[in-house]
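Q: Kindly return the folded structure for what I paste below:
(2 chains)
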Amino acid sequence: MTSLLVIVVLVLLAIALWQLTKIFDLTQVGSSSDDTQVASDNDNNIQGYIMFGFLAFIYIFTIYGLLKWGNLALHTPASEHGLLVDNLMNITWVLIFVVQFITQGLLYWFSFKNRGHKDKKALFFADSNKLEAIWSIIPSVVLACLILYGLYAWNNIMFVDKDEDVIEIELYAQQFKWTARYAGNDNVLGKANVRLIEGINTLGVDMSDPNSQDDIVVSELHIPKGKKVHFKMRSQDVLHSAYMPHFRAQMNCVPGMVTEFAFVPTYTTSEYRELPFMVEKVSNINKLRAEKSVELVAKGGTALDPYTFDYLLLCNKICGASHYNMQMKVVVDTPEDYKKWLSEKTTLAQDIKAAAAAKAPAEGPKATTDSTAKDTVKAVIDTVKAAIAKVAMK
Amino acid sequence: MSAEAHDHDHGHDHEHEHHHKETFITKYIFSIDHKMIAKQYLITGIFMGIIGIAMSLLFRMQLAWPEESFKIFNVLLGDKFAPDGVMANDIYLALVTIHGTIMVFFVLTAGLSGTFSNLLIPLQIGARDMASGFMNMVSYWLFFLSAVIMLSSLFVEAGPASAGWTIYPPLSALPQAIPGSGTGMTLWLVSMAIFIASSLMGSLNYIVTVINLRTKGMSMTRLPLTIWTFFVTAIIGVISFPVLLSAALLLIFDRSFGTSFFLSDIYIAGEVLHYQGGSPVLFEHLFWFLGHPEVYIVILPAMGLVSEIMATNSRKPIFGYRAMIMSVLAIAFLSTIVWGHHMFISGMNPFLGSVFTFTTLLIAIPSAVKAFNWITTLWKGNLQFNPAMLFSIGMVSTFITGGLTGIILGDSTLDINVHDTYFVIAHFHLVMGISALYGMFAGIYHWFPKMYGRMLNKNLGYIHFWVTAVCAYGVFFPMHFIGLAGLPRRYYTNTNFPLFDDLQNVNVLITTFALVGGAFQLVFLYNFFVSIFYGKKAVQNPWRSTTLEWTTPVEHIHGNWPGEIPHVYRWPYDYSNPNHDVDFVPQNVPMKEGEEVLHH
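A: This next block holds a predicted model:
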């Protein structure tokens, strides 16, 4: 509806302008010179006023935008370093709005004020070293502060102290899903390579590596509140980007290398849901969804489920046709819940063994099992055997 | 008439006879006259612009009304990519990719730089033509060829390249990863390789011409700022385009000959590929070594055009001529050492992130100098609001608005969370997309009389500008908010994320503005093509400008000036000089006896 209104207004505006052009054409009848297409004093006057109007438009549109859409922006950060990021962001925003307000104001005000007239002569004002110095030095000083603050924050966020007590988790990207691998009791992730991908070992974990034995592979990410989580990212096919907007965290996943990012979550999922801004946001979204549902049902479709908030991991680097649907739910638990959740999970080694065991007896009665599956199972068994042998040897 | 001048006229007559042998083909098609080549670039650029902008309107419709059926999708995209009028997700990515490629390279690089460098360099420095007319012609026709190849990729079976205009491998290298990385991508790479060859020939020509062919008295510090920006742009192009060419060649090797420059450890479609040891990050470095200077290749000529037009229409010298030159040089230098700010979260060493944050934010200083100088140029001027002037003011406005958010994106810490979101799209469309487009429009409105000997209709120009100005802010201002909400770019739809449901109304508003703004470009097209044939005849110097191009006759002649090339006696910005009664003194007017130079 608003869009229709905008169209109507703009069309009317266009018609009005069109009619104005006709008036201009009439006023120019009888003028003999060839410069009818060069701005006249009349044009200068009208355009000058429109310039002023446009300045008002920019200001009003900015304020309208802040009021109407300001609450769409990500709110309270859910990670420790997120506060630092948002603080720097807010400082930068204040600076930007001040500069934007002043420079746009001057630009359009001067345009309006100095609109041309044939009796006027412009001031010959070619240069001033003093002015140039002022507007080189002031931005330099301001930027120096921003750079220093930015670098301080960046170094804090990006470099993980080797001795720090962190939880190691691997984020594994492939077209178009995420998987997570937990390092288990030893808190060391086993080696992995895509060349070792086989059967249910979809991450190519090297099962001959002793560190791999207690690794746990899951498709929903759980992390504990208040503990630093060190993510190591891999990709098996193309570039992906692990983007967790609420934690102010993002890092590309690059095939052939391991990238990393670490942060400390500060709100559990249920705490974050209770934050006033989030309650409001979710109720607003649900209102919109309810409206949409009515529409859908009227068309014979099914209604949309009501929405409850969850942290998300999104893919934020174009990765193929279904890039727009590559996501994983992230749950921040209390440390106790996290421990409990993790302890209920089986390790990859157990999974592989179970898969092998499940497939092995099935082979006898069902002679028609397709050969690829057989091969896979065999290979898995072999890998496990080799791994066990290796461990035993050590 | 002095004997000397007479001699020259005579000599010219002789020359003229020679050129009468021109056939239709040598005059309009394989022309070596820089003015004709400029027009060829412009028309090709406009044609590509229509396609590029139309594509953006299509995918904007998909974003506002996701997966809804539009007959126009089916008509334009066919049954394969828009069955029942619903846009498919792979063609969405293809449209995004080709829109970016066309707008950045074919419209704002070749269309803008190619048009105005070719038109203005010889005319404003006082040369009969480019240093090598033949190379200039080859440059245009290679550009034309690359455009044809790029457009032909739209018709291959699996669709055109769809890995984004940045064509990061492995996505761009593996047809298994996305269908567009088959024949479509091959054509994209071939097209770009030819485009780069064209661009290099053009750039070398511009550099040589500016250095060697300036008329008597035209010292470097008497060059109009347009020429300075074209000159510096050409230098950046020569430095950075070959790096993209090498990246494209290595990618072709990886795709076709099994090398592993950019690929390693890949498991796709159920099998392990043989690639080992390469790195996509290397490609990102090579790509952005061009990619970032490229945005300055786009914006610097626009800055030059705007400076020139603002001075003329303010009837005032451009403020801080030397500071403007210094800032262009500073921007050019810095532009080659900031590419890493596209890669803060690419997995490169975070230490590099610190370095690139530092160099990137430094660019804000020369940019601020330029913005303040433009604003001061307006102060106490006698502003003539010709359409070109409106677009110039608009350019400064969008350059500031878009540039300021660069402080956020250039800061590695802040980039973490807005990287690759709609915030980035809002930023670069304002600061280099819309700004450069405004610069181009300003240039067209201003130099149309020089190109076609006729005037564009000013009232249509006013309508064109104001609707475009409102719509440009209407499209890109709200986009900042959906970016800050965390919405990633290049998503076919965000309906899979209830989290983003509250952004949908904003998307509808953006698309509405885009459609209206796009539709009003038809006003410009109508004005442009009708005025070529039916516009009011132009006088020799319609804007009462000081630069040399306005001393040439309205009707084009090969060699530009009928007689001797004018000599230059003063800088290009003697507007409202208190020593003179008229408010402009062309560069070829000798200094009065005892006249002092009033500027530094």
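Q: Give me the distance between the residue nearest to B:T186 when sequence neighbours are not counted and B:I337.
A: Setting aside the residues directly before and after it, B:T186 is nearest to B:R255 in space (C-beta to C-beta, 6 or more residues apart in numbering or on different chains), at 7.3 Å. Glycine gets a C-beta too; all of them are placed from N, C-alpha and C. Relative to B:I337, B:R255 is positioned 30 Å away (C-beta to C-beta, to the nearest Å).
Q: and what of B:G184?
A: The gap separating B:G184 from B:I337 is 33 Å, by C-beta to C-beta.
Q: One more: B:K380?
A: In terms of C-beta to C-beta, B:K380 sits 38 Å off from B:I337.
Q: Which of the three states applies to A:Q250?
A: Three-state call for A:Q250 (DSSP: H, G, I helix; E, B strand; the rest coil): strand.
Q: Now for chain B, the helix or strand with the poorest mean pLDDT.
A: Every helix and strand of chain B was ranked by mean pLDDT, DSSP states H and E. The lowest is helix B:3-19, at a mean of 44.
Q: How far off centre is the following helix or strand past that helix?
A: Using DSSP states H and E, the helix or strand that follows helix B:3-19 towards the C-terminus is helix B:24. In terms of C-alpha atoms, centre = their mean, to the nearest Å, the centre of helix B:24 is set 30 Å apart from its chain centre.
Q: same question, stretch B:212-230
A: 22 Å.
Q: Ok, stretch A:52-72 next?
A: Worked out by C-alpha atoms, centre = their mean, stretch A:52-72 lies 24 Å from the chain centre.
Q: Show me where the stretch 351-500 of chain B has its helices.
A: Assigned by DSSP state H, counting those that start in this stretch, the helices in the stretch 351-500 of chain B fall at B:364-378, B:387-409, B:412-418, B:422-428, B:435-452, B:458-484.
Q: what's the fourth one packed up against?
A: This means helix B:422-428. helix B:387-409, helix B:458-484 (3 or more C-beta pairs under 8 Å, 6 or more residues apart in numbering or on different chains; DSSP states H and E).
Q: among these, which is nearest A:V217?
A: helix B:458-484 (33.5 Å; C-beta to C-beta).
Q: Tell me if I'm right that B:P224 and B:E549 touch.
A: No - between B:P224 and B:E549 no contact is recorded; they are 9.2 Å apart, counting by C-beta atoms under 8 Å.
Q: Now for the two: what residues contact both?
A: Common neighbours of B:P224 and B:E549, using C-beta atoms under 8 Å, 6 or more residues apart in numbering or on different chains, are B:L120, B:Q124.
Q: Distance check, A:D35 against chain B.
A: Separation of A:D35 from chain B (C-beta to the nearest C-beta, to the nearest Å) stands at 6 Å.
Q: and B:R214, how many neighbours?
A: B:R214 sits with 20 neighbouring residues when counted by other C-beta atoms under 10 Å in any protein chain shown.
Q: let me redo that: B:M348
A: Using other C-beta under 10 Å, B:M348 has 19 neighbouring residues.
Q: who has more neighbours, B:R255 and B:I337?
A: Set side by side, B:R255 and B:I337 show more neighbours around B:R255, with 21 against 17, by other C-beta under 10 Å.
Q: Reduced to three states, what does the more buried one come out as?
A: Per three-state DSSP, B:R255 ends up helix.
Q: mind listing what it touches?
A: B:R255 neighbours (C-beta under 8 Å, 6+ apart): B:A173, B:M185, B:T186, B:L189.
Q: so which of these comes closest to chain A?
A: Checking the contacts of B:R255 against chain A with C-beta to the nearest C-beta, the nearest one is B:A173 at 8.7 Å.
Q: Could you look up the SS state of the closest one?
A: Judged by three-state DSSP, the three-state class of B:A173 is coil.
Q: where along the stretch 251-394 of chain A do the helices fall?
A: Assigned by DSSP H, counting those that start in this stretch, the helices in the stretch 251-394 of chain A fall at A:269-274, A:276-298, A:335-343, A:348-363, A:371-393.
Q: between the ones you listed, which gets the lowest average pLDDT?
A: Least confidently modelled of the helices of the stretch 251-394 of chain A is helix A:371-393, at a mean of 58 by mean pLDDT.
Q: where are the low-confidence patches of chain A?
A: Scanning chain A for pLDDT under 70 picks out A:1-2, A:17, A:20-34, A:362-394.
Q: hang on, the earlier thing: and the helices and strands packed on helix B:422-428 as a markdown table, adding mean pLDDT?
A: Putting the helices and strands packed on helix B:422-428 into a markdown table (pLDDT from 0 to 100) gives the following:
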| stretch | mean pLDDT |
| --- | --- |
| helix B:387-409 | 96 |
| helix B:458-484 | 96 |
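Q: closest one to chain A among the ones you listed?
A: Of those, nearest to chain A by C-beta to the nearest C-beta is helix B:458-484, at 3.5 Å.
Q: now the closest one against helix B:387-409, angle please.
A: Compare the direction of helix B:458-484 with that of helix B:387-409 by axes from the mean of the first three to the mean of the last three C-alpha atoms, to 10 degrees and you get 10 degrees.
Q: Mind listing what's buried along helix B:458-484?
A: Going by neighbour count (16 or more other C-beta atoms under 10 Å in any protein chain shown), the buried part of helix B:458-484 is B:458-484.
Q: which residues does residue 339 contact?
A: Since you didn't name a chain, this refers to chain A. Shown in contact with A:K339 (C-beta under 8 Å, 6+ apart): A:P224.
Q: nope, chain B please
A: B:H285, B:W288, B:F289, B:G291, B:H292, B:P293, B:F356.
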